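**Student:** would you be able to build a 3D model of this:
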Amino acid sequence: EKDEIAELLGGFRFAAGFGKTLSKFVRHGIGVHHAGMLPKYRRLVERLAQAGLLKVICGTDTLGVGINVPIRTVVFTALAKYDGTSTRLLSAREFHQIGGRAGRAGFDTMGTVIALAPDHVIENHRAAAKAAARTEQDKKVRKLVKKKPPPGQVSWGEPTFDRLVGAPPEPLTSSFTVTHSMLLNVLDRPGDGRAALHRLLTDNYETETKQAEHVARAEDLFAALLDAGVVEELDEPDDWDRTVRVTIDLQQAFALNQPLAPFALAALDLLDPESDTYVLDVVSVIEAVLDDPRQILSAQLFKAKGEAVAAMKAEGMEYDERMAALDDITWPKPLADLLEPMFGVYRERNPWVAEHPLSPKSVARDLWERAMDFGDYIRFYNLARSEGTVLRYLSDVYKTLLRTIPEERKSDELVDLTEWLGELVRQVDSSLLDEWEELRNPAPPADDGAEAPPIDRPPPALTSNRRAFTVLVRNALFQRVEHIGTRQ
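**Tutor:** Numbers count the residues shown, from 1 in each chain. Predicted coordinates for the structure are as follows:
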């Protein structure tokens, strides 16, 4: 089987860091699967598992979503999970989603699901067994002091397992949400976009109350798009019978895929195109309206606090003073003083944005300012377990820069940065951008007998993108100058 694994791996590119560790695991029939991995690594594990070449897969609940992996036995190491905010018990849906993978279709008549007990429960059980054995020998009854779960830990037991096993399926709840992107796509299509949008919002399985909420939200979003000049109303239908259309001076691929994208467009008016920091300020505006990559921000905060503690110790600050000063340290937030007051004004005119808080941060900008490549950045912040999170975030920044910034706002320097960021993502794992392009330009369906697509598509030649290659060379030279300056 190791020979079969090696054959299937072929010329697969394992990067340094976690890639080398994963290579060692899969060559011995052990897989790892979680959301923080690069997409190509997850696809590799899925392909090996579907070929029956992996004996064990260590994964999170992402393994139970949307992929067909034959699994005979599912082992829960815990019946609680951290959801990004707090630690809680698994819901019935999550338990059934993962546990339901047990049992290989066509091979097993039933699957096996095992849940491990918490550490303190295991220790209490062992202590009780030991005390019972000693009592059996000397007939003395001993008082057993049971260990409690560590402070803050959510505990579980056999009743929890039995409850989850017997719990009825949770009801499905609609995730339908009216977004700017939806309005642009529907209203700008040929024909009566208003009527098409009304049918979409009212001819569905939502309750009448929900439908009314969707219509009201669509009206608010449409008003915001009109104010931002993104769409315009026509007095007479145009050649495509449209009465509403995206303003003709926007690029063909223009899109507002982020809830706060209209605010980002408005915030661009605050920037000075003649400023030396204009390009990076545009990036900071875009990053402020994207979802927070929690793992990256936590790593930046940890790094900042570590550097601050070292500096304060060098200055001779007392411990209590250092601890008090650490409360004021956070991850980098460029333009926060400029954007947050404006967002308060914008929120008063557009109350619907209150559910999408503004979040200034610096990841793509930080990467540019440090003149690092992807691997350098991962090592600098110790993010080997979250490579996929970093890559997805950078691809989101790239796509938003490409499709949301109007062409007249794009300077040559901004185009260079955008091309550099896109090429950086492609060179690490092109699948995120390839899948995005395929959604925009679907390919004809493949024949049933066609070979499966390669797991790791080689990226285009780095020199084929002159702009990006120029930036990468400049960054590499800058790093060498920096190393000479610090005598590294």
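
**Student:** for the chain, what are the low-confidence residue spans?
**Tutor:** Counting by pLDDT under 70, the chain has low-confidence residues at 66-67, 248-254, 435-456, 486-488.

**Student:** three-state assignment of the spatially most central residue of it?
**Tutor:** Closest to where the C-alpha atoms of the chain average out (CA atoms, centre = their mean) is Thr389, at 4.8 Å. Using DSSP: H, G, I helix; E, B strand; the rest coil, the three-state assignment for Thr389 comes out as helix.

**Student:** and what of Val186?
**Tutor:** Under three-state DSSP, Val186 falls in the helix class.

**Student:** name the nearest residue to it, sequence neighbours excluded.
**Tutor:** The shortest distance from Val186 to any residue other than its chain neighbours is 4.7 Å, reached at Leu197 (CB to CB, 6 or more residues apart in numbering). Every residue, glycine included, has its C-beta placed from N, CA and C.

**Student:** what does Thr330 give?
**Tutor:** In space, Thr330 is closest to Leu301, 6.3 Å off (CB to CB, 6+ apart).

**Student:** how about the contacts made by the one you found?
**Tutor:** For Leu301, the contact set (CB atoms under 8 Å, 6 or more residues apart in numbering) comprises 329-331.

**Student:** and Met110, by the same measure?
**Tutor:** Taking CB under 8 Å, 6+ apart as the contact definition, Met110 lies against Gly103.

**Student:** that one should be in a strand, yeah?
**Tutor:** No: secondary structure assignment places Met110 outside any strand; it is coil (three-state DSSP).

**Student:** give me the phi and psi angles of it.
**Tutor:** Main-chain dihedrals, Met110, degrees, to the nearest 10: phi -160, psi 160.

**Student:** gap between it and Ala92?
**Tutor:** Remark: distance between Met110 and Ala92 (CB to CB, to the nearest Å) = 20 Å.

**Student:** same check, this time on Lys410
**Tutor:** Counting by CB to CB, the gap from Lys410 to Ala92 is 49 Å.

**Student:** ok, now Thr470?
**Tutor:** 54 Å.

**Student:** before we move on, what about Pro262?
**Tutor:** Per CB to CB, Pro262 is found 39 Å from Ala92.

**Student:** which stretch of helix or strand covers Arg88?
**Tutor:** Secondary-structure element containing Arg88, defined by DSSP states H and E: strand 87-89.

**Student:** what packs against whatever helix or strand comes next after that strand?
**Tutor:** Using DSSP H and E, the helix or strand that follows strand 87-89 towards the C-terminus is helix 92-99. Using 3 or more CB pairs under 8 Å, 6 or more residues apart in numbering; DSSP states H and E as the contact criterion, the neighbours of helix 92-99 among helices and strands are strand 73-76, helix 158-166.

**Student:** which one of these is the most hemmed in?
**Tutor:** Neighbour counts averaged per stretch over the helices and strands packed on helix 92-99 are highest for strand 73-76, at a mean of 16; criterion: mean count of other CB atoms under 10 Å.

**Student:** what residues of the following helix or strand past that strand count as buried?
**Tutor:** Secondary structure here is assigned by DSSP H and E; on that basis, the next helix or strand after strand 73-76 toward the C-terminus is strand 80-82. When neighbours are counted by 16 or more other CB atoms under 10 Å, the buried residues of strand 80-82 are found to be 80-81.

**Student:** what's strand 80-82 in contact with?
**Tutor:** When contacts are taken as CB under 8 Å, 6+ apart, the neighbours of strand 80-82 outside the stretch itself are 61, 87-90, 94, 153-156.

**Student:** next: stretch 273-281.
**Tutor:** Contacts with stretch 273-281, where a contact means CB under 8 Å, 6+ apart, come from 271-272, 334-335, 365, 368-369, 409, 411, 413-414, 417.

**Student:** how about 10 Å then?
**Tutor:** Applying CB atoms under 10 Å, 6 or more residues apart in numbering, the contact partners of stretch 273-281 are 267-268, 270-272, 282-284, 334-335, 338-339, 362, 364-366, 368-369, 408-418.

**Student:** okay, and which of those map to strands?
**Tutor:** Secondary-structure check on those using DSSP state E: no residue lies within strands.

**Student:** just the buried ones from those?
**Tutor:** The neighbour-count test (16+ other CB under 10 Å) marks 267-268, 271, 282-284, 334-335, 338-339, 362, 364-366, 368, 410, 414-418 as buried among the contacts of stretch 273-281.

**Student:** now the helices for the stretch 251-400 of the chain?
**Tutor:** Listed in chain order, the helices of the stretch 251-400 of the chain (DSSP state H, counting those that start in this stretch) span residues 261-267, 278-288, 294-314, 319-326, 336-349, 364-369, 374-381, 387-404.

**Student:** which among those is found nearest to His120?
**Tutor:** helix 294-314 (27.2 Å; CB to CB).

**Student:** need the contact list for the closest residue to Leu90 other than its chain neighbours.
**Tutor:** Nearest-residue entry for Leu90: Leu79, 5.4 Å, with adjacent residues in sequence omitted and distances by CB to CB, 6+ apart. For Leu79, the contacting residues are 89-90, 94-95, 115-118, 154-157, 160-161, 163-164, taking CB under 10 Å, 6+ apart as the criterion.

**Student:** next one: His198
**Tutor:** 186, 192, 215, 218.

**Student:** which of the residues in the helix or strand containing it are buried?
**Tutor:** Element membership of His198 [criterion: DSSP H and E] is helix 193-202. Buried positions in helix 193-202, judged by neighbour count with 16+ other CB under 10 Å: 193, 197, 201.

**Student:** save the residues you listed as CSV, and put in distance to Val56 too.
**Tutor:** Formatted as CSV, those follow (distance: CB to CB, whole Å):
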residue, distance to Val56
Gly193, 53
Leu197, 50
Leu201, 48
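
**Student:** name the element the nearest residue to Leu201 once chain neighbours are set aside belongs to?
**Tutor:** Nearest-residue entry for Leu201: His214, 4.6 Å, with adjacent residues in sequence omitted and distances by CB to CB, 6+ apart. Secondary structure assignment for His214, by DSSP H and E: helix 208-227.

**Student:** dump that helix to CSV, restricted to CA.
**Tutor:** Written as CSV, here are the backbone C-alpha positions of helix 208-227 (Å, rounded to 0.1, in the frame of the first residue of the first chain):
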residue,chain,number,x,y,z
GLU,A,208,-44.7,35.9,5.3
THR,A,209,-42.9,37.7,8.1
LYS,A,210,-39.5,36.7,6.8
GLN,A,211,-40.5,37.6,3.3
ALA,A,212,-41.5,41.1,4.4
GLU,A,213,-38.1,41.4,6.2
HIS,A,214,-36.3,40.4,3.0
VAL,A,215,-38.2,43.0,1.0
ALA,A,216,-37.5,45.7,3.6
ARG,A,217,-33.8,44.9,3.6
ALA,A,218,-33.7,44.9,-0.2
GLU,A,219,-35.2,48.4,-0.2
ASP,A,220,-32.6,49.6,2.3
LEU,A,221,-29.7,48.0,0.3
PHE,A,222,-31.0,49.5,-3.0
ALA,A,223,-31.2,53.0,-1.5
ALA,A,224,-27.6,52.6,-0.3
LEU,A,225,-26.4,51.5,-3.7
LEU,A,226,-28.2,54.5,-5.3
ASP,A,227,-26.5,56.8,-2.8
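
**Student:** pull out the buried residues from that helix.
**Tutor:** Buried residues in helix 208-227, counted by 16+ other CB under 10 Å: 211, 214, 217-218, 221-222, 224-225.

**Student:** following element in sequence after it, please.
**Tutor:** Once helix 208-227 ends, the next helix or strand along the chain (criterion: DSSP H and E) is strand 231-233.
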